[in-house]
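J.: need a structure here:
(3 chains)
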Amino acid sequence: MFALVDVNNMYVSCERVFRPALNGRPVVVLSSNDGACIARSNEAKDLGVRMAQPWFEVRHLEREAGLIALSANFELYGDMSSRMMTLAAEFAPRQEIYSIDECFLDFDGVPGDLAAIGRDLRAKVLLWTGLPTSVGFGATKTLAKLANHVAKMADRKPGRYPAQYAQVCNFLELSTQQLGDVLGRTDVGDVWGIGRKTAPKLQALDIRSVLDLLQADLPTLRRQFGVVMEKTMLELRGTPCRAVDDAPTPNQQIICSRSFGAPVTDLPTLIEVVSQFATQVARKLREQGSAAGAVQVFITTSPYRRQDRQHSPSATLPLRPASSDTRVLVSAAVQALRGIFRPGFNYVKAGVMLVDLQQEGREQQELGLFESDAVPAAPARPHARLMNAMDELNQRFGRGAVTVASAARRPGPSTHASKQERRSPRYTTRLDEIAMARA
DNA sequence: TCTGGGGTCCTAGGACCC
DNA sequence: TCTGGGGTCCTAGGACCC
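T.: Prediction:
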């Protein structure tokens, strides 16, 4: 028995908690560079705004339809997320936080009316955080996901599904006939794991609804689409292939990448940007207690600027031994950048990736033939103390309070910084931006 | 003029080994 | 002139997720 709890239109809903005037209005949240729409209210979806659609394509709706756009405020969303997750966790023995706005709950062995529990959960999260959620129940994670989708669509598009499925939908209490009816009305592309490439291929095979997929020949599809499809089909038939994972493992890679506010052509600016990105990933790396075995850097021109010559190089630099020292990571990243940079190109984006991650302190050591790895290595770690101090200072005085010199902002106006012209205050995490109640 | 960012898993193919 | 077969490991690329 699995549940999927999902915040409706998460980023927009977070903004609405603190600005109720946004309720009922078409609202989108824009990506870091105010470049594309990464969240849409139902009203914005009804206006035809697509996921990841460039802002310039829809900005005319500002005047024509009262569309409101906000810059993403991830600090706010992250904090709201952890409040919601904490509340949801109280309702089941096991929780897997799947993304910033979704968690799976494992209700195995929990007695009682699941749909009623789902409604309680939904009510509590709404009351305590102000965030509206949808809850789906099913015999597998894939079915719970699908039930959640039905709960959301039944709420949003009356008439498409029976009204009693809205907000909380429990597939486990449906008859075979009712479930068949629901799955027959649901597009195969709405299934978790079937994306934009696979859906059209399935349709070409005359598999259009989830019901069609359920009844299709498993070995044939397994041969054509691989093991992922096989698991999806088994899960749709009620055989669990994916468990709720409540002990998340550390990330295997850590990325920081961003497009610039304006094209960059010179090396010094790129060095500054890449140093800043490397500083960010280094901090995240230490947060999860890892060390990186390699640093990867990429810069890229814009494929949309057809008149520009294109250049999208990348380079990977191994680190021996693995490191979590900001200074080591920044200097490796800059060295990699110097190797790939070529003058005369309009670069619009850069990124730094840490890969080959290992647990800090367990770095692979090169041992001589007769050396023993049982020797109590535990080497003194002066760099660890320095990094610790740096992290604490930045925690207390704000990000960037202490940093390596190459990551410091150079004097003068910054042209490459991301645009963020419409960001709301970080109501819950910054004292000087806290929400005010008017007298 | 303006086009997101951060992840995971699987597969195919090459290098290498015996 | 004739030139194996089975296995592992690594990497790049693709598909997917939110």
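J.: Identify the residues contacting the residue of the stretch 301-439 of chain A found nearest DNA strand C.
T.: At 6.7 Å from DNA strand C, A:Thr316 is the closest residue in the stretch 301-439 of chain A, using Cβ to the nearest atom of the strand. All C-beta atoms are positioned from the backbone trio N, CA, C, and that covers glycine. Each residue near A:Thr316 by Cβ atoms under 8 Å, 6 or more residues apart in numbering is listed here: A:Ala294, A:Val295, A:Gln296, A:Ala336, A:Val355.
J.: of the residues you listed, buried ones?
T.: A:Ala294, A:Val295, A:Gln296, A:Ala336 (16 or more other Cβ atoms under 10 Å).
J.: Which member of the residues you listed is positioned nearest A:Met84?
T.: Using Cβ to Cβ, A:Gln296 comes nearest to A:Met84 of the buried ones among the contacts of A:Thr316, at 33.4 Å.
J.: is the strand or helix carrying that closest one anywhere near DNA strand C?
T.: Here A:Gln296 is covered by strand A:290-301, with elements defined by DSSP states H and E. No: using Cβ under 7 Å from any atom of the strand, strand A:290-301 never reaches DNA strand C; the gap is at least 8.4 Å.
J.: elements contacting that strand?
T.: Applying 3 or more Cβ pairs under 8 Å, 6 or more residues apart in numbering; DSSP states H and E, we find strand A:290-301 packed against helix A:267-287, strand A:314-323, helix A:326-340, strand A:347-359.
J.: can I get the ones you listed in a markdown table with distance to DNA strand B?
T.: Compiled in a markdown table, the helices and strands packed on strand A:290-301 are given as follows (distance: least, Cβ to the nearest atom of the strand, whole Å):
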| stretch | distance to DNA strand B |
| --- | --- |
| helix A:267-287 | 6 |
| strand A:314-323 | 14 |
| helix A:326-340 | 14 |
| strand A:347-359 | 6 |
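J.: Kindly reformat these as TSV containing mean pLDDT.
T.: Shown next, in TSV, are those (pLDDT from 0 to 100):
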stretch	mean pLDDT
helix A:267-287	96
strand A:314-323	92
helix A:326-340	95
strand A:347-359	94
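J.: Mind putting these into JSON lines with distance to A:Cys37?
T.: Putting these into JSON lines (distance: least, Cβ to Cβ, whole Å) gives the following:
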{"stretch": "helix A:267-287", "distance to A:Cys37": "24"}
{"stretch": "strand A:314-323", "distance to A:Cys37": "28"}
{"stretch": "helix A:326-340", "distance to A:Cys37": "31"}
{"stretch": "strand A:347-359", "distance to A:Cys37": "18"}
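J.: Among these, which comes closest to A:Thr142?
T.: strand A:347-359 (29.0 Å).
J.: That closest one pairs with which strands, parallel or anti?
T.: strand A:254-264 (antiparallel), strand A:290-301 (antiparallel) (DSSP bridges).
J.: hmm, the first one in reach of DNA strand C?
T.: I take that to be strand A:254-264. No: figure legend: strand A:254-264 not in contact with DNA strand C (Cβ under 7 Å from any atom of the strand); closest approach 12.0 Å.
J.: tell me the mean pLDDT over that strand?
T.: Here strand A:254-264 scores 94 as its mean pLDDT.
J.: Can you check what angle separates it from helix A:267-287?
T.: Taking axes from the mean of the first three to the mean of the last three Cα atoms, to 10 degrees, one finds strand A:254-264 and helix A:267-287 inclined to each other by 160 degrees.
J.: Any buried residues in strand A:254-264, and which?
T.: For strand A:254-264, by 16+ other Cβ under 10 Å, it's A:Ile254, A:Ile255, A:Cys256, A:Ser257, A:Arg258, A:Ser259, A:Phe260, A:Gly261, A:Pro263, A:Val264.
J.: Next: the last one.
T.: Of the residues in strand A:290-301, those scored as buried under the neighbour-count criterion (16+ other Cβ under 10 Å) are A:Ser290, A:Ala291, A:Ala292, A:Gly293, A:Ala294, A:Val295, A:Gln296, A:Val297, A:Phe298, A:Ile299, A:Thr300, A:Thr301.
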